[in-house]
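1. turn this into a model:
(one chain, ligands or ions: 1)
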Amino acid sequence: MKQDHPISEFARAMQSVPLRPADASEIAAIAKKHSGITSGENQPEFLRTRLSKRLLALGLHSYTDYVSYLKGPNGRAEAILLVEALATHTTSFFREPAHFDWLNDTGLPALTQGERRRANLAVWSAAASTGAELWSCGMVIEEYLRTSGINVNYQLFGTDVSRAVLSQGALAVFSEREIANIPEELRKNYLLRSKKVVREGKPVYRIVPKLRQKAKLAYANLLDPDSTELSTPMDIVFLRNVLIYFTPEDQKKVVQGVVRRMRPGGYLFVAHTETVRGLVDGLFSVGNSIYQYEAPDG
Ligand SMILES: C[S@@+](CC[C@H](N)C(=O)[O-])C[C@H]1O[C@@H](n2cnc3c(N)ncnc32)[C@H](O)[C@@H]1O
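-> All right, here's what the predicted structure looks like:
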């Protein structure tokens with residue numbers, strides 16, 4: 001029979017450490033204050049599953065001690081790790097593919113050929129996770145420019161509150177399973193297959209340098225406008241699968257902050273399960289969970 005390593009026994013023991021409702025509320029409130037994320041509120045089991053590793057790493061024996069640690073001199077740094085542990089980073093290439101079809105067929109022609117064409121396009125994936133959304137958009141733009149012969153500059157910005165996913169995103173390396181949704185033609189043009197590195201027993205793939213050079217991934221907290229130096233007015237913004245984690249008030253704050261960074265005529269994509277209706281002025285529905293921003297006075 002396989003013997004358990006003492007560390008894994010200890011980790012299992014940590015998972016059974018009880019979490020008092022008062023500690024659960026304090027932890028959830030600290031996470032919300034730092035990121036807006038409400039995951040964990042009234043979900044003690046979720047908190048315990050996600051946080052037992054933090055207790056183990058810190059050598060703490062109770063969640064009451066963890067709350068004290070969060071309130072102590074190392075609290076700010078720990079709050080970042082708390083948010084990392086509670087955030088859900090699920091993402092995939094060409095998630096909600098209708099958005100990318102719309103971009104190719106309607107959005108990009110309007111932004112590059114119509115009356116409101118731009119010489120430079122700025123794309124922002126505002127809760128980028130490991131970058132699949134940003135790279136999907138980059139591939140669509142690059143392919144659109146290549147096949148239409150249009151010459152427009154573009155930049156790709158990806159931001160997130162989790163530094164761990166951002167550094168993964170900047171590496172731009174994905175497994176065979178992760179790239180499964182990328183259309184064949186785009187795979188051929190925008191991925192390099194590694195001859196040496198393997199993951200899950202299969203070769204890994206890296207985004208081509210041409211796209212990587214266009215991209216900048218950086219920390220930004222959507223609830224704290226001062227947390228980013230991003231100043232380029234954005235033409236295409238993805239704010240998908242993140243609003244669901246915020247309270248209605250924070251959703252409003254986040255969408256207001258995002259729209260403030262958009263260039264009039266630009267497009268905002270939210271997830272099909274999300275809406276920005278009634279949150280801010282100046283957003284007009286132009287497709288299924290796609291909005292165009294117009295400055296309220298013009
Ligand atoms: C479920 S993923 C969505 C990824 C991608 N947008 C998509 O739709 O596939 C949510 C991401 O939002 C990030 N996030 C959560 N709160 C945030 C905040 N306050 N500011 C910036 N990013 C945040 C998380 O770290 C996570 O990577």
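
2. when you work out contacts or count neighbours from here on, use the C-alpha atoms and nothing else.
-> Will do.

3. surely Asn153 touches Ala119?
-> Yes. Asn153 is within contact range of Ala119, at 6.4 Å (criterion: CA atoms under 8 Å).

4. joint contacts of these two?
-> By CA atoms under 8 Å, 6 or more residues apart in numbering, Asn153 and Ala119 have no common neighbours.

5. okay but Gly257 is in contact with Ser227, surely?
-> No. Applying CA under 8 Å as the test, Gly257 and Ser227 come out as separate, 11.7 Å apart.

6. comparing the two, which residue is more hemmed in?
-> Gly257 (16 against 12; other CA atoms under 10 Å).

7. with adjacent residues omitted, what lies nearest to the more buried one?
-> Pro225 (6.7 Å; CA to CA, 6 or more residues apart in numbering).

8. got it, and Val198?
-> Closest to Val198 by CA to CA, 6+ apart is Val204, at 5.5 Å.

9. likewise for Gly107?
-> In space, and not counting its chain neighbours, Gly107 is closest to Tyr267: 7.6 Å by CA to CA, 6+ apart.

10. which element is the one you found on?
-> strand 262-270 (DSSP states H and E).

11. buried residues in stretch 141-159?
-> Neighbour counts using 16 or more other CA atoms under 10 Å place 141-145, 154-159 of stretch 141-159 among the buried residues.

12. list the contacts for Ala31?
-> If you count contacts by CA under 8 Å, 6+ apart, then Ala31 has 37-38, 79, 82-83 around it.

13. which pLDDT value belongs to Ser39?
-> With respect to pLDDT, Ser39 has a value of 82.

14. same check on Arg50?
-> So Arg50 comes in at 91 (pLDDT).

15. how many neighbouring residues does it have?
-> Arg50 is flanked by 17 other residues according to other CA under 10 Å.

16. check Val197 too.
-> Counted with other CA under 10 Å, residues neighbouring Val197 total 11.

17. just to check, it is in contact with Val204?
-> Yes. Applying CA under 8 Å as the test, Val197 and Val204 come out as touching, 6.2 Å apart.

18. and stretch 204-224, how far from the chain's centre?
-> Once both centres are worked out by CA atoms, centre = their mean, to the nearest Å, stretch 204-224 turns out to sit 11 Å from its chain's centre.

19. and that stretch, average pLDDT?
-> Here the average pLDDT along stretch 204-224 is 95.

20. pull out the buried residues from that stretch.
-> Under the neighbour-count criterion of 16+ other CA under 10 Å, stretch 204-224 has 204-207, 211-212, 215, 217-223 buried.

21. now, these that are in helices?
-> 211-212 (DSSP state H).

22. can you narrow the buried residues of stretch 204-224 to ones near the ligand?
-> 220-223 (CA under 6 Å from any ligand atom).

23. just put the residues you listed in CSV and tack on distance to Lys188.
-> Shown next, in CSV, are those (distance: CA to CA, whole Å):
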residue, distance to Lys188
Ala220, 32
Asn221, 35
Leu222, 34
Leu223, 38
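
24. mind giving me the domain split of the protein?
-> Split into domains by automatic domain parsing, the chain comes to 6-86, 97-293.

25. worst average pLDDT in the ones you listed?
-> Minimum mean pLDDT among these: domain 6-86, a mean of 89.

26. how about that one, does it get close to the ligand?
-> Yes. Against the ligand, domain 6-86 shows contacts by CA under 6 Å from any ligand atom at 35-37.

27. quick one on the thing from earlier: pretty sure the residue nearest to Val198 sits against Ser175.
-> Yes. Here Val204 reaches Ser175: they are 4.8 Å apart, a contact under CA under 8 Å.

28. give me the buried stretch members for the helix or strand hosting Val83, please.
-> Element membership for Val83 (DSSP H and E) is helix 75-86. For helix 75-86, the neighbour count (16+ other CA under 10 Å) marks 75, 78-86 as buried.
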